[in-house]
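# give the three-dimensional model of this entry:
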Amino acid sequence: MKFKSLYESITSEVDVPMDIYLEFEDRFIFKEFDKKDFVLKEGQIATYLSFLNKGLIVSYRTDANGNRHAIQIRWKGSWLSELESIFSKKPTKYNYLAVKPTEMLFMPLKDYNEISKKYPIFETFFRISLKQSYLGALEQIYKLHSLSAEARYLELIKNVPTLLEDIPHYLIASYLNIQPQSLSRIRKIHKNIGE
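Residues are numbered from 1 along each chain as shown. The predicted structure is shown next:
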């Protein structure tokens, strides 16, 4: 086994014999990204399922005024596929930026289709993962509308303690749906957390 976090991600949801897992793992292409490298850029078409083996990725959209709006923050052990682009075969609307040195695993969609046909357990795994991703997105929307900015910040820092070191603060503020000044105020109140 080369990628422990991938193995843990799969086996946390489904029971896969090691020989079948290893065949699955061999289908991935390993790639490293430096800080500020794009994993995927707006206008490109996504053709791979992607797993974040190590590092930190922010996905964002740039508006007509040039402002960046953070949509997702993903860390080690996360699946990070641009499913809208993969399934529609249309260019993505988002940029996926490595904000620290990052290792990604990519599986071509063709390989995924082959291996999930041969071993339906992977189809089951991705169905479970898609369900959890959908529920996670709903939970994020709920928190934006029900939790205070301070509570959203504290939860994010709990999940990614090095966030303030790794991600530009304006992107963190955008992700939390607050103004950068509000983030500065909250950080002052909780100056010992996440630093």
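# least trustworthy helix or strand in the protein by mean pLDDT?
Per-element confidence for the chain was summarised using mean pLDDT, DSSP states H and E. The lowest value among helices and strands belongs to helix 163-166, with a mean of 80.
# return the residues in contact with N159.
W75 (Cβ atoms under 8 Å, 6 or more residues apart in numbering). The C-beta positions use only the backbone N, C-alpha and C, and glycine is treated the same way.
# typo on my end, L80
Taking Cβ under 8 Å, 6+ apart as the definition, contacts of L80 comprise 39, 50-52, 57, 59, 72, 74, 96, 104.
# just the buried ones out of those residues, please.
Buried by 16 or more other Cβ atoms under 10 Å: 39, 50-52, 57, 59, 72, 74, 96, 104, out of these.
# let me know the closest of these to Y7.
The nearest member of the buried ones among the contacts of L80 to Y7, counting by Cβ to Cβ, is F51 at 10.8 Å.
# assign a three-state SS to that closest one, would you?
Following DSSP: H, G, I helix; E, B strand; the rest coil, the label given to F51 is strand.
# surely it meets R27?
No: if you go by Cβ atoms under 8 Å, F51 and R27 don't touch, sitting 11.3 Å apart.
# overlap in contacts of those two?
Common neighbours of F51 and R27 are listed as M107 (criterion: Cβ under 8 Å, 6+ apart).
# over to the spatially most central residue of the chain. Which of the three states is it?
The residue lying closest to the centre of the chain (Cα atoms, centre = their mean) is R74, at 3.3 Å. When classified by three-state DSSP, R74 comes out as strand.
# how much space separates it from Y175?
Taking Cβ to Cβ, to the nearest Å as the measure, R74 falls 11 Å from Y175.
# between those two, which contacts overlap?
Residues touching both R74 and Y175 comprise V58, with contact defined as Cβ under 8 Å, 6+ apart.
# list the buried ones in the helix or strand just after the least confident helix or strand of the chain?
Beyond helix 163-166 on the C-terminal side, the first helix or strand identified by DSSP states H and E is helix 169-176. Judged by neighbour count using 16+ other Cβ under 10 Å, the buried positions of helix 169-176 are 171-176.
# next structured bit after helix 169-176?
helix 180-189.
# and for that next one, what's in contact with it?
Contacts made with helix 180-189 from outside it, assessed by Cβ under 8 Å, 6+ apart, are listed as 149-150, 153, 164, 169-170, 172-173, 176, 178.
# next one: stretch 1-8
Surrounding stretch 1-8, the residues in contact under the criterion Cβ under 8 Å, 6+ apart are 18, 21-22, 25, 28, 30, 51, 53-54, 76-77, 105.
# among those residues, which one lies nearest to S88?
Taking Cβ to Cβ as the measure, F51 is the one of the contacts of stretch 1-8 closest to S88, at 21.2 Å.
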